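Engineer: Got a predicted model here, sequence first, then my questions.
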Amino acid sequence: QVQLVESGGGLVQPGGSLRLSCEVSGFTVSYSATAWFRQVPGKEREGVSCISNVDGRTNYADSVKGRFTISRDSAKNMVFLQMNNLNPEDTAVYYCHSSRNWGDFVGNYWGQGTQVTVSL
């Protein structure tokens, strides 16, 4: 059974840091492209960062470049998002997403989300 479970969200003051974790079960995360998205109520879900399954290359939204870092631990089958210098505009529910090519179809999988709140 495929499952993505996020953790690590919470309340942090502006300028603070959080590390989000995404534990993947059901397939090997290093063989799948994985990304972090975020969503604020009333707005569309937006991509934050992604990591390639081919070469490990990473990409970031302009709004988080230089502050967020995506990484992957193949031994633990987990993906992380280190978030530094957080500001109130980073407040959102953060979702882990991974796509897996099973040969005859491509599955797209989402976690349940973890709330990040940046506030005094």
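Structural biologist: Structure received. All of these numbers come straight from a predicted model, not from anything done at the bench.
Engineer: CA atoms for contacts and neighbours, from now on please.
Structural biologist: OK.
Engineer: Quick check: longest strand in the chain by residues?
Structural biologist: strand 92-101 (DSSP state E).
Engineer: what comes into contact with that strand?
Structural biologist: Strand 92-101 has contacts (CA atoms under 8 Å, 6 or more residues apart in numbering) with 4-6, 22, 27, 29, 31-40, 106-117.
Engineer: which residues touch Asp73?
Structural biologist: Val79.
Engineer: what are the bridge partners for it, then?
Structural biologist: Met78 (DSSP bridges).
Engineer: Report the separation between it and Asp55.
Structural biologist: The gap separating Asp73 from Asp55 is 14 Å, by CA to CA, to the nearest Å.
Engineer: in stretch 77-97, what's buried?
Structural biologist: Going by neighbour count (16 or more other CA atoms under 10 Å), the buried part of stretch 77-97 is 77-81, 83-84, 86-87, 90-97.
Engineer: I meant to write stretch 9-26 there.
Structural biologist: Buried residues in stretch 9-26 (16+ other CA under 10 Å): 9, 12, 14, 17-24.
Engineer: before we move on, what about stretch 98-114?
Structural biologist: For stretch 98-114, by 16+ other CA under 10 Å, it's 98-100, 110-111, 113-114.
Engineer: In JSON lines, list these along with distance to Arg67 and pLDDT.
Structural biologist: Listed next are the buried residues of stretch 98-114 as JSON lines, based on distance: CA to CA, whole Å; pLDDT from 0 to 100:
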{"residue": "Ser98", "distance to Arg67": "22", "pLDDT": "94"}
{"residue": "Ser99", "distance to Arg67": "25", "pLDDT": "91"}
{"residue": "Arg100", "distance to Arg67": "28", "pLDDT": "88"}
{"residue": "Trp110", "distance to Arg67": "24", "pLDDT": "97"}
{"residue": "Gly111", "distance to Arg67": "23", "pLDDT": "97"}
{"residue": "Gly113", "distance to Arg67": "20", "pLDDT": "97"}
{"residue": "Thr114", "distance to Arg67": "19", "pLDDT": "98"}
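Engineer: Now for the residues you listed: which two are most distant?
Structural biologist: The most widely separated members of the buried residues of stretch 98-114, counting by CA to CA, are Arg100 and Thr114 (22.0 Å).
Engineer: Hmm, Gln13 and Leu120 touching each other?
Structural biologist: Yes. Judged on CA atoms under 8 Å, Leu120 makes contact with Gln13 at a distance of 5.1 Å.
Engineer: All good on my end, thank you.
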